[in-house]
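Asker: Okay, predicted coordinates and the sequence, questions at the end:
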Amino acid sequence: MERLYNDSWSTEDGVDWRQMASSAPWTKRSGHRVVLFNDALWLLGGKDELGYRNDVWRSDDGVNWAKIDPATDIWSPRALFGTAVFQDKLWVLGGRESHGLLDAEAWYTADGAHWSRFDASVGWSSRFDNAGAAHGDRLWVIGGSTYDEYRSDAWYLSPGADGDADSDSDSDADWNQVSETAPWHGRRWGGIVAVADRIWLLKGQHLDATDTPVAMDDVWSSSDGENWTLATAQAEWPAQMNFSAAGFKDRLWVTGGTTGHSAPIFETFGQVWRSVDGEKWTLATDAPGWSPREKHQSVAFDGKLWILGGYSEPSWQHHNDVWSTADGVTWTEVTSDAPWSGRSGHQVLVFDNSLWVLGGRNDVEEPLNDVWRSSDGLNWTQVVPASPVWSPRSELGATGFNGRMWVMGGRAVDRQIVGDVWSTGDGEHWQLHSETADWPARSDLTVLVHDNRVWVIGGETNFGFLLGDAWTMN
């Protein structure tokens, strides 16, 4: 465990140091910020033994400290944020919050007690370890980290600005954060799907405060991505993660999945379950014909429910089979050996009256970026890109929207997590919209269309933080 301090020291020449306080009244911490403002030292936020802080302290001499109690709303607890003094105000910029969430907010105060949030879009992406500075009559945010990479960008805010911070960014994918922390735990390997005018979140795996995996059995839904309702805390179907969820005939459908290796008894399932309301579930069949599997994909197409690919344990065999059903009970094997290689963590879309298979990871754990198309699930054609295409990856997000297919995020070479956004109108010509979207880079993200908007929900960062946020693209 790292050792934390709450002492203060000073020097006149950088050589000889004098201890001013051995135990200041603020808790021992790291990742906080100390700023000279209004002829006083100010200590802000950080992380102590109990978690992230958003307390504010002031001292005229570094020995005697007074806590400033906020008289208004204040920035959420955080560490590793940027600070600056600009226009006679003290600013807090970005930072890392609990559960590893990253922030792209800007807050300011004239007295430490009354805080205001800069309401206009800051433009720069969520980040921590960023620098803040006042220079040339501008407020600057420079660099930082987004878990998947170190940033080398610079943004500025001009005096009196009421719009976006300026930058050389050429991104045309504009994102809004709808919810920062939903009532459900951040998780991975669950299911999120849009059915019957609602977004549904199903089960998955959460990491507790000690990073111990906790299997979830809950089901939540939302009409707006911000306000969530618990449908059930204990869904009846046994698989808890790596299943596939889909909407078909105005019902929720769950296929395959596992209990996870942290369960007392590990098991992979070959079952099919359905629900109208997310609370009560019915077993459609426990003998669909396809082998028990996980990290496969399911989708509704041409009046049927389809599953494609995935892998089975303990053999780790990756499948390239295709199955379909008209009722969820009786399944037909369309092909046992599609021309695309066996894979898991891929995406399957319905676009331009066809099924599309995108990316994934093969038997030897190589990430893929091939693109395949079929009008019937039996006959497949590989679409060869005529322009630069997204890098090989698995656990990516994808959806169809506005006459284009969209690919974003995922786990690339060396299992590094990316946060770029691409789209295509034909699967052949791809356009990069943003190398780093406004949302933190992530894998295992869900990308879907709801209320005529593209949504990005949840996922996992490079450092294993599980996210419970929701973003929409304009």
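Answerer: Yep, it's here.
Asker: and the gap between the nearest residue to Leu305 once chain neighbours are set aside and Gly204?
Answerer: Setting aside the residues directly before and after it, Leu305 is nearest to Phe248 in space (CB to CB, 6 or more residues apart in numbering), at 4.5 Å. Glycine gets a C-beta too; all of them are placed from N, C-alpha and C. The gap separating Phe248 from Gly204 is 21 Å, by CB to CB, to the nearest Å.
Asker: Looking at the two, which one has more neighbours?
Answerer: Gly204 (27 against 22; other CB atoms under 10 Å).
Asker: and the gap between that one and Gly257?
Answerer: From Gly204 to Gly257 the distance is 10 Å (CB to CB).
Asker: shared neighbours of the two, anything?
Answerer: Common contacts of Gly204 and Gly257, defined by CB atoms under 8 Å, 6 or more residues apart in numbering, comprise Gln240, Met241.
Asker: hang on, the earlier thing: in contact with the residue nearest to Leu305, which residues?
Answerer: Contacts of Phe248 (CB under 8 Å, 6+ apart): Ala300, Leu305, Gly328.
Asker: Among those, the buried ones, what's the ChimeraX command?
Answerer: Selection of buried members from the contacts of Phe248 for ChimeraX, criterion 16 or more other CB atoms under 10 Å:
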select :305,328
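Asker: which ones among the contacts of Phe248 are found in strands?
Answerer: Of these, the ones assigned to strands by DSSP state E are Ala300, Leu305.
Asker: Which residue lies closest in space to Gly410, excluding its sequence neighbours?
Answerer: In space, Gly410 is closest to Leu396, 3.1 Å off (CB to CB, 6+ apart).
Asker: Model confidence at the one you found, what's the number?
Answerer: Leu396 is assigned 96 on the pLDDT scale.
Asker: Let me see the contact set for it.
Answerer: 345-347, 358-359, 390, 407-411, 443, 445.
Asker: Is Ser291 part of a helix or strand, or is it coil?
Answerer: Three-state call for Ser291 (DSSP: H, G, I helix; E, B strand; the rest coil): coil.
Asker: any idea of the pLDDT on it?
Answerer: So, for Ser291, pLDDT stands at 94.
Asker: who touches it in this structure?
Answerer: Ser291 touches Gly270, Ser312, His319, counting by CB under 8 Å, 6+ apart.
Asker: Next step: those residues restricted to strands.
Answerer: Taking DSSP E as the definition of strands, those contribute Ser312.
Asker: Just the closest of the contacts of Ser291 to Val15, please.
Answerer: Ser312 (66.2 Å; CB to CB).
Asker: And for that closest one, the neighbour number?
Answerer: 19.
Asker: out of the contacts of Leu396, who has the most neighbours?
Answerer: Busiest of those [other CB under 10 Å] is Gly410, holding 33 neighbours.
Asker: surely that one meets Ala441?
Answerer: No. The criterion here is CB atoms under 8 Å, and Gly410 misses it with Ala441 at 9.2 Å.
Asker: got any residues that touch both of those two?
Answerer: In contact with both Gly410 and Ala441: Ile417, Val418, using CB under 8 Å, 6+ apart.
Asker: list the contacts for the nearest residue to Phe266 once chain neighbours are set aside?
Answerer: Leaving aside its sequence neighbours, Phe266 sits nearest to Thr259 (CB to CB, 6+ apart; 5.8 Å). Going by CB under 8 Å, 6+ apart, Thr259 touches Ala215, Pro238, Ala239, Gln240, Met241, Ile265, Phe266, Glu267.
Asker: Then Ser374?
Answerer: Ser354, Leu355, Trp380, Thr381.
Asker: and stretch 274-291, how far apart are its ends?
Answerer: 19 Å (CA to CA, to the nearest Å).
Asker: for that stretch, which positions count as buried?
Answerer: For stretch 274-291, using 16+ other CB under 10 Å, the buried residues are Arg274, Ser275, Gly278, Trp281, Ala284, Thr285, Pro288, Trp290.
Asker: quick one: strands adjacent to the worst-scoring helix or strand of the chain on mean pLDDT?
Answerer: Across the helices and strands of the chain, the lowest-confidence element by mean pLDDT, DSSP states H and E is strand 175-179, at a mean of 75. Sheet pairing of strand 175-179 (DSSP bridges) gives strand 466-473 (antiparallel).
Asker: avg pLDDT for the strand it pairs with?
Answerer: Per-residue scores along strand 466-473 average to 88.
Asker: With only the CA atoms kept, save that strand in CSV.
Answerer: The C-alpha coordinates for strand 466-473 follow below in CSV (Å, rounded to 0.1, in the frame of the first residue of the first chain):
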residue,chain,number,x,y,z
LEU,A,466,-15.5,-0.9,-15.3
LEU,A,467,-17.6,2.0,-16.5
GLY,A,468,-21.3,2.7,-15.8
ASP,A,469,-21.7,5.8,-18.0
ALA,A,470,-23.8,6.5,-21.1
TRP,A,471,-23.0,8.8,-24.0
THR,A,472,-24.9,9.8,-27.1
MET,A,473,-23.6,11.0,-30.5
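Asker: what's that strand in contact with?
Answerer: For strand 466-473, contacts defined as CB under 8 Å, 6+ apart pick out 99-101, 173-182, 184-188, 206-207, 225-226, 437-440, 442, 453-461.
Asker: Please compute how far it lies from its chain's middle.
Answerer: For strand 466-473, the separation from the chain centroid amounts to 5 Å (computed by CA atoms, centre = their mean, to the nearest Å).
Asker: Tell me how far stretch 252-269 lies from the chain's centre.
Answerer: On CA atoms, centre = their mean, the centre of stretch 252-269 falls 23 Å from the chain's centre.
Asker: Please apply the same query to stretch 198-210.
Answerer: Distance, centroid of stretch 198-210 to centroid of chain: 12 Å (CA atoms, centre = their mean).
Asker: and if you look at stretch 448-465?
Answerer: 5 Å.
Asker: Stretch 7-14 too?
Answerer: 42 Å.
Asker: tell me which residues in that stretch are buried?
Answerer: Buried residues in stretch 7-14 (16+ other CB under 10 Å): Ser8.
Asker: Also stretch 359-370?
Answerer: In stretch 359-370, counting by 16+ other CB under 10 Å, buried: Gly359, Gly360, Arg361, Asn362, Pro367, Leu368, Asn369, Asp370.
Asker: if I read this right, Trp273 contacts Ala284, doesn't it?
Answerer: Yes. Here Trp273 reaches Ala284: they are 6.4 Å apart, a contact under CB under 8 Å.
Asker: Thanks again, I'm all set now.
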